[in-house]
Structures are given as structure tokens and as C-alpha cells.
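Novice: When you get a sec, could you give me coordinates for this:
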Amino acid sequence: MVWHTVWNCTPLDGPTAQIVALEQRLSVTSNVRGGQLRVRLRAACGAGGSSTIDALSVTVGGGKPAPLLKHGSPRIVLEHGQEVLCDPVPVAVEPGATIEISCRAGERRSAAALSPVLAHGQAQLEAQGDLALTGPAAETLDAVLSLPGLELLNAVTAIEAEAQGPVTGLVLFGDSITQMGFWPAALERHLRAEFPGQTAVRNLGIAGNRVLHDAPKSQPTFGPAAKSRFTPQVFGDEPVGLVVLIGVNDLAHPASLPEAADEVVTADELLAAIGAFAGSSRRHGARSLVCTIPPFSGSDAWTVRAEAVRQEVNARLKAETSFDAVVDLDQALTAQDAATPAQRDDLHIGDRLHPNPEGGQAIALAIMPALRQLLAGLP
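Specialist: Numbers count the residues shown, from 1 in each chain. Just a heads-up that it's a prediction; the model follows:
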């Protein structure tokens, strides 16, 4: 028996918050089959003092709630930047089962790590109480929270199950298009139907993330450059399958962020960095699939030069790739008669950059044929 991810999110770097009597209920759908569950928690770096969880519990399939404890105690204290793994709970879970995590933190105190959860993505989040953003990233996050259905999750960063039988870890590596969870959720539905209990998906998307450059100082939540976070975040002790979908922010940010105006990238630079992900995957015994950079014509960040680089990168990825498979997202998302590739009106959230749930389904359908072959070749 091995512990595998049922659901996870990447905490936002930079933001802190104060909470008052906050209760949150996170609901996810299991892809794995197991006999025990546990939850990972993380404290924020830079929070004012420790973060305390007064009560944490798990409910599976509408059954009786089971308390989640740490060393037998229901009260869990998280210190600056600390990660805590709760004690395992003996509870049966099947593919397709709903898992609900309830988290309560009373009084006025620092929040733990905050993670974005978008409705209709891979999880649903309900909250009661007050969460007031603080620190240098507060203004940025206030703007982000204007996106309908977006909530910030306190403390919980992963749900894991002690899986029964062989399970393949599948890492989805990318930026906000991945982090939002639309195409990962659609992909999980297909995997549950075709490979029930056989895949455990980890979402390693970070909104605003770039391949070649770290987050600018004004946008700390964009995270470290993908080229530096890739190997330490993706690989552990076991071989995994990998889907890479990243690169659009390297093209869009120089036109949309004053701090990034001088960080224009060439096709050669972007291809070398993305190609290195394939080389690292092979060295770690993993098989990898790469998606072409999706179209974003019509968005505020689009430029003629960026489009030329995007098309060169995509053409060379398809012709020269060292990945095990390539998926063409122009073909999946673009109207056939478009002069310049652009996401169809019914497939994005309104900004012509981020696919909506229907766009996520189109991406998942495009990925599945190659992913079937990739999964068949894994141990």
C-alpha cells in the first residue's frame, strides 16, 4: 500500500491574511481506491505568528464525519512556513466517492497558507466567517478574487489516500490554465471512467507562472520560474506520467506587466527550457506529454511578435519534440476558419486567454488519446 494524492493545490506565495471564526468545507471527488485518508496542511510564510486549526474532519460519501488529528490532538498549530501531515484516518474510499474536508479556525488569528479554489474546477469550496487579506499581495489578490466562483482555501494543501492496488501518479504541470482546474477536472472524469482507481492526479499549476522568469516583485503569487521548480516539485521516489502545458505567460507578460517589459523571450530560449522538462522526465523514469502553447489572440496581452514566437515554438515542438507525445491545442480550441488562431468564443472565460469548463473539456478530449498510450507504457 502506497500513499497517493486524491486532490492537491499549490499555496500562493506571498499573501497573508487574518481570519475570524472561519469555517470551510472542501468537496472533491476521489480517483483512487483506498482504506485510509490523511490531509496535508501548510502555514503561510510571513504570517504574523502561528496559525491554528481548531477542528478538522473528513466525511466520505455522505457518511459520518471522522476527526482529523495531529498526534491525537484536534487542535493543530502551524508555525511559519511549516507543513503538517495529519494522522491517518481509517476510512474506505472508492473512485467517484465524494470526500468533504471541514476546517474550522476561531477567534482572530493569522491564516495558514492560502490556495485558490475555483468552482467547477477540481473542487468545490463553501465558507462562513471572515478572511481579510494583508501584506504586499493583498491588492493583487483582491483583483483576482473578482473572478466568479473563486475562493481562498485556508491551510489544506492536499488530501491523500493509502491506495490499494497499482496506481500511476499523473502530474499536470503548468500555469493558471492548469491551476484553475477546468481541464484537469475534465481529464479526471475521463480517467475515472476508463481507469477507475488507477491514476492519482497532482495539479502543479501556478497562476501567472512563467518558464524562464521568476515572479516580478509586484506579483509574488506567480511563483518561481518553472525551469527551477520543475524537478523538485514533480519527482519523488516513483516514476510518474507527466502532462506539461505552459509558456503563454512568457509571451504575454512583457506586453502586460511593466516589470516584465525587458523579459522578452525568443523561441529558442523557450524551446530549450521546455525541452529540458522532457530530458529531466527521462532521467527520472517518467514518460511525458507536452501541449502546444494555446492561442490567445484577442486578449489584452497579445502582440504580433508574441504570436510569431508562439507559432514557431509550437511548430518546432510538433516536429522536433523529445517528449513522448505532443498535443496540438490550436486544433482543440481554435475555429477552423480563423485567420489568426484564437480560442473559440464558447471555449474561454471572456478574456480569450483562459479556457472555461467547455474549453477544459476540449483540452481533455485532445489529451486523452496520447495519454492512453503514455499510461500503457508506464510500469
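Novice: what about the helices in this protein?
Specialist: Ranges of helices in the chain, per DSSP state H, are 138-144, 176-179, 182-194, 226-234, 248-256, 267-283, 304-320, 329-333, 357-376.
Novice: residues touching I293, list them.
Specialist: I246, G247, V248, L251, R310, V313, N314, L329 (Cβ atoms under 8 Å, 6 or more residues apart in numbering). From N, CA and C alone the C-beta is placed, and that goes for glycine too.
Novice: run the last query once more with 7 Å
Specialist: When contacts are counted by Cβ atoms under 7 Å, 6 or more residues apart in numbering, I293 touches G247, V248, R310, V313, N314.
Novice: go on, P74?
Specialist: Neighbour list for P74: A55, P67 [criterion: Cβ under 7 Å, 6+ apart].
Novice: One more: the one 4 residues further on?
Specialist: With contact taken as Cβ under 7 Å, 6+ apart, L78 is in contact with L41, A43, S50, S51, V84, A112, A155.
Novice: Make a ChimeraX selection of whichever of the residues you listed turn out to be buried.
Specialist: A single ChimeraX command suffices to select whichever of the contacts of L78 are buried according to 16 or more other Cβ atoms under 10 Å:
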select :41,43,51,84,112,155
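Novice: Please state the offset of the helix or strand bottoming out on mean pLDDT in the chain from the chain centre?
Specialist: Every helix and strand in the chain was compared by mean pLDDT, DSSP states H and E; the lowest is helix 138-144, with a mean of 74. How far helix 138-144 lies from its chain's middle: 19 Å, per Cα atoms, centre = their mean, to the nearest Å.
Novice: can you check stretch 49-66 too?
Specialist: With Cα atoms, centre = their mean, you get 22 Å for stretch 49-66.
Novice: related to what we said a few turns ago, looking at the contacts of L78, which gets the smallest pLDDT?
Specialist: By pLDDT, S50 ranks lowest within the contacts of L78, coming in at 85.
Novice: wait, isn't that one in contact with G81?
Specialist: No: contact criterion Cβ atoms under 7 Å: S50 and G81 do not qualify, at 11.0 Å.
Novice: returning to that earlier point: give the buried residues for the least confident helix or strand of the chain.
Specialist: By neighbour count on 16+ other Cβ under 10 Å, the buried set for helix 138-144 is T140, L141, V144.
Novice: got a list of contacts for that helix?
Specialist: P15, L133, L150, Q219, T221.
Novice: what would those residues look like in TSV with neighbour count, pLDDT and distance to E194?
Specialist: Shown next, in TSV, are the contacts of helix 138-144 (neighbours: other Cβ atoms under 10 Å; pLDDT from 0 to 100; distance: Cβ to Cβ, whole Å):
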residue	neighbour count	pLDDT	distance to E194
P15	25	77	38
L133	18	86	41
L150	16	89	30
Q219	17	86	38
T221	21	88	35
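Novice: Could you dump the residues you listed into JSON lines with distance to T5 added?
Specialist: Converted to JSON lines, the contacts of helix 138-144 look like this (distance: Cβ to Cβ, whole Å):
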{"residue": "P15", "distance to T5": "24"}
{"residue": "L133", "distance to T5": "28"}
{"residue": "L150", "distance to T5": "22"}
{"residue": "Q219", "distance to T5": "27"}
{"residue": "T221", "distance to T5": "22"}
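Novice: Show me which pair in the residues you listed is furthest apart.
Specialist: Spatial extent of the contacts of helix 138-144 (Cβ to Cβ) is set by the pair L150 and Q219 at 16.5 Å.
Novice: ok, back up a step: highest neighbour count among the contacts of I293?
Specialist: The residue in these with the most neighbours, by other Cβ atoms under 10 Å, is G247 (30 neighbours).
Novice: List the contacts of it.
Specialist: Listed by Cβ under 7 Å, 6+ apart, the contact set of G247 reads V211, L270, I274, I293, V313.
Novice: now V167: how far from V2?
Specialist: Counting by Cβ to Cβ, to the nearest Å, the gap from V167 to V2 is 7 Å.
Novice: More neighbours: those two, which one.
Specialist: Using other Cβ under 10 Å, the more surrounded residue of V167 and V2 is V167, with 22 against 16.
Novice: For the more buried one, give me its contacts.
Specialist: Contact analysis of V167 by Cβ under 7 Å, 6+ apart lists H4, V32, Q198, T199, A200.
Novice: Beta-bridge partners for the fourth one, please?
Specialist: Following DSSP bridges, T199 is listed with bridge partners T168.
Novice: Hmm, L170 and it touching each other?
Specialist: Yes: with contacts counted by Cβ under 7 Å, T199 reaches L170, the gap being 5.1 Å.
Novice: Which one's more surrounded, these two?
Specialist: The neighbour comparison of T199 against L170 (other Cβ under 10 Å) goes to L170, with 27 against 23.
Novice: Kindly indicate which of the contacts of I293 lies nearest G359.
Specialist: For those, the nearest to G359 is V248 (13.4 Å; Cβ to Cβ).
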